[in-house]
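Participant: 3D, please:
(chains A and B)
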Amino acid sequence: MIKTDILIIGAGPTGLFAVFEAGLLKLKCHLIDALPQPGGQCAEIYPKKPIYDIPAFPEVLAGDLVDNLMKQIEPFQPGFTLGERAETIEKQEDGSFIVTTSKGTRHHAPIVAIAGGLGSFEPRKPPITNLSDFEDKGVEYIIRNPELYRDKKVVIAGGGDSALDWSIFLTDIASQVTLVHRRNEFRGALDSVDKVQELKNQGKIKLITPGEVIDIVGEEKVEGVSIKQGADVYNLECDHFIPLFGLAPKLGPIADWGLEIEKNAIKVDNSLDYQTNIPGIYAIGDVNTYPGKLKLILCGFHEATLMCQSAYQRIFPDKRYVMKYTTVGGVTGFDGSKKEAPKAVVKAID
Amino acid sequence: MSDIKIHITDRDGITHEVDAPTDMNMNLMEIVRSYELAPEGTIGVCGGMAMCASCQCYVESDHELPEMGDDEEAMLAEAFYVEDNSRLGCQIHLAPEMEGLKVTLAPEE
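Facilitator: Numbering: from 1, shown residues only, chains lettered A, B, ... in the order given. Alright, predicted model coming up:
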């Protein structure tokens, strides 16, 4: 069981900055995120896009913003559970919480701060009527173990980087790789597009463009897919169908935690501390809603700061504390590091 | 007045005639959100970067709209429920010549 002071769900910019503000109050944080890397949307969707409304940064790439935040929170040694989705929450008798992830990792904390953005990123599933009947019976949305495809016939659908990269990778493992895409053009790294072209010329990848998988064929498991190409519809024999259409965020299991939800977001008390209807559970950043809410990173930073002050009071109801400026108190890390403003010299001049 | 009237059919099939400003640098996805014609979280998910297809719509009138950029084209190549008249609402910046535009929101993925 992982124990911490503030358990943060979501490692996007708001969740990461919360670690810093908590650290100033000597509170330890642990973050859970469904994605395999920290940064949330900034890292997953638009790392190369410039952001222009971060105060004091005239321009910063989303990926660089995440790198900077990771550097800023380093002294506070946050823990991470990455690639796992927070599934369930159980309130304990003492008012603390146990949060369990999709892989069964358990986390115990007196405070839970949901900084889940638009939700956890899940694979986008194409609208094929019988697709869900074949999940884990030959239909996979994520490739976890490439060995599963050894000497098998595989059909991949999609036109982005992951469809290209996995098609290339699986040519050495699978007995047959077919890539189906609705357009002739692919959106991916130039290297990958060229490589697929080369493998196609060598007959190692079968390319079906423009085409679309419209049905799964099989009894107990995938035996083939039905492909539509122009006016033609035909079946192609295969053992696996892997639709790779990227990820989209879904609020997911958090929606069933007994929290008040409005407009697909968690209602919080913004006049005070961004606490939800369950005392001890806060929601900060894009995941929350209140009158006048703006989904901006800079607003998330503010919300994270106020949340930490309130969390401190909740954990230590009898302690008195006033907020300190970092220019005065410096930053003392849990790793023993200390940053502070250099002292002015006070000396008489003869 | 720099407002134009546009007709938006929501995902329940109800058509709304709305006033849309052309001088606020707004796009069609933002108009749909401002009139709350689709629930928050189901439209404009990526914020308007042509990186999701949650604002996909079908253009029903014969207005000449600005051509698709590479980003929009690539996203529509991976979107679902795509038709010949599909566009991403976030890439359609409202302009006076769009007076009377008719669009239908694509189903939620």
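Participant: A:Glu340 and A:Gly330 touch, don't they?
Facilitator: Yes: assessed by CB atoms under 8 Å, A:Glu340 is found in contact with A:Gly330 at 2.9 Å. Using the backbone N, CA and C atoms, a C-beta is placed for each residue, glycine as well.
Participant: Please name the residues that touch the residue in the stretch 1-150 of chain A positioned nearest to chain B.
Facilitator: Nearest residue of the stretch 1-150 of chain A to chain B: A:Pro127, at 5.0 Å (CB to the nearest CB). A:Pro127 makes contacts with B:Phe80, B:Tyr81, B:Glu109, as judged by CB atoms under 8 Å, 6 or more residues apart in numbering or on different chains.
Participant: Could you list the contact residues of the stretch 1-150 of chain A toward chain B?
Facilitator: Residues of the stretch 1-150 of chain A lying close to chain B by CB under 8 Å from any CB of the partner chain are A:Gln41, A:Ile45, A:Tyr46, A:Lys49, A:Leu118, A:Arg124, A:Pro126, A:Pro127.
Participant: Make a markdown table out of the residues you listed and add secondary structure and pLDDT.
Facilitator: Below are the residues of the stretch 1-150 of chain A next to chain B laid out as a markdown table (DSSP: H, G, I helix; E, B strand; the rest coil; pLDDT from 0 to 100):
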| residue | secondary structure | pLDDT |
| --- | --- | --- |
| A:Gln41 | helix | 91 |
| A:Ile45 | coil | 85 |
| A:Tyr46 | coil | 89 |
| A:Lys49 | coil | 92 |
| A:Leu118 | coil | 89 |
| A:Arg124 | coil | 91 |
| A:Pro126 | coil | 94 |
| A:Pro127 | coil | 92 |
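Participant: Show the buried residues in those.
Facilitator: Among those, those that count as buried by neighbour count (16 or more other CB atoms under 10 Å in any protein chain shown) are A:Gln41, A:Ile45, A:Tyr46, A:Leu118, A:Arg124, A:Pro126.
Participant: Leaving out chain neighbours, which residue sits closest to the third one?
Facilitator: Closest residue in space to A:Tyr46, ignoring its immediate chain neighbours: A:Ala62 at 5.1 Å, by CB to CB, 6 or more residues apart in numbering or on different chains.
Participant: Derive a PyMOL selection command for the buried subset of the contacts of A:Pro127.
Facilitator: Selection of buried members from these for PyMOL, criterion 16+ other CB under 10 Å:
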select buried, chain B and resi 80+109
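Participant: among the contacts of A:Pro127, which are in helices?
Facilitator: Among these, no member falls in helices (DSSP state H).
Participant: what subset of the contacts of A:Pro127 is also close to chain A?
Facilitator: B:Phe80, B:Tyr81, B:Glu109.
Participant: Present the residues you listed as CSV; the columns should include distance to B:Asp70 and pLDDT.
Facilitator: Converted to CSV, the ones next to chain A among the contacts of A:Pro127 look like this (distance: CB to CB, whole Å; pLDDT from 0 to 100):
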residue, distance to B:Asp70, pLDDT
B:Phe80, 20, 93
B:Tyr81, 21, 94
B:Glu109, 22, 82
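Participant: Chain A contacts on chain B?
Facilitator: B:39-42, B:45-47, B:49, B:51-52, B:54, B:73-74, B:77-78, B:80-82, B:109.
Participant: Is the closest residue to A:Trp257 other than its chain neighbours within a helix or a strand, and which one?
Facilitator: Spatial nearest neighbour of A:Trp257, excluding adjacent residues (CB to CB, 6+ apart): A:Ile89 at 5.2 Å. Assessed by DSSP states H and E, A:Ile89 sits inside strand A:86-91.
Participant: Just the buried positions in that strand, please.
Facilitator: Going by neighbour count (16+ other CB under 10 Å), the buried part of strand A:86-91 is A:Ala86, A:Glu87, A:Ile89, A:Lys91.
Participant: longest single helix anywhere in chain B?
Facilitator: helix B:70-78.
Participant: Check which helices and strands that one sits against.
Facilitator: strand B:86-88 (3 or more CB pairs under 8 Å, 6 or more residues apart in numbering or on different chains; DSSP states H and E).
Participant: Quick check: can you name the pairing partners of the strand it packs on and their directions?
Facilitator: strand B:56-59 (antiparallel) (DSSP bridges).
Participant: Quick one: mean pLDDT over the partner strand.
Facilitator: On average, the pLDDT along strand B:56-59 is 98.
Participant: residue in chain B nearest to chain A?
Facilitator: Using CB to the nearest CB, the single residue of chain B nearest to chain A is B:Gly41, 2.9 Å away.
Participant: What pLDDT is listed against the closest residue to that residue other than its chain neighbours?
Facilitator: Spatial nearest neighbour of B:Gly41, excluding adjacent residues (CB to CB, 6+ apart): A:Asn264 at 2.9 Å. In this model, A:Asn264 is scored at 87, pLDDT.
Participant: For A:Asn264, grab the count of nearby residues.
Facilitator: Counted by other CB atoms under 10 Å in any protein chain shown, the residues lying close to A:Asn264 total 17.
Participant: swap in B:Glu64?
Facilitator: B:Glu64: 7 neighbours (other CB under 10 Å).
Participant: A:Asp172 too?
Facilitator: Based on other CB under 10 Å, the number of other residues close to A:Asp172 is 10.
Participant: a markdown table for the buried ones among the residues of the stretch 1-150 of chain A next to chain B, including distance to A:Glu135?
Facilitator: Below are those laid out as a markdown table (distance: CB to CB, whole Å):
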| residue | distance to A:Glu135 |
| --- | --- |
| A:Gln41 | 26 |
| A:Ile45 | 25 |
| A:Tyr46 | 29 |
| A:Leu118 | 23 |
| A:Arg124 | 14 |
| A:Pro126 | 13 |
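Participant: which two in these are spaced the farthest apart?
Facilitator: A:Tyr46 and A:Pro126 (23.2 Å; CB to CB).
Participant: what about stretch A:241-249 and chain B, touching?
Facilitator: Yes: using CB under 8 Å from any CB, stretch A:241-249 reaches chain B at A:Phe245, A:Gly246, A:Ala248, A:Pro249.
Participant: Select from these the one having the most neighbours.
Facilitator: Of all these, the highest neighbour tally under other CB under 10 Å goes to A:Pro249, namely 23 neighbours.
Participant: returning to what we had before: CSV for the residues of the stretch 1-150 of chain A next to chain B, including distance to A:Met307?
Facilitator: Below are the residues of the stretch 1-150 of chain A next to chain B laid out as CSV (distance: CB to CB, whole Å):
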residue, distance to A:Met307
A:Gln41, 20
A:Ile45, 24
A:Tyr46, 25
A:Lys49, 27
A:Leu118, 19
A:Arg124, 31
A:Pro126, 39
A:Pro127, 39
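Participant: mind checking which helix or strand of chain B has the lowest mean pLDDT?
Facilitator: Taking mean pLDDT, DSSP states H and E as the measure, the helix or strand of chain B with the lowest value is helix B:70-78, at a mean of 90.
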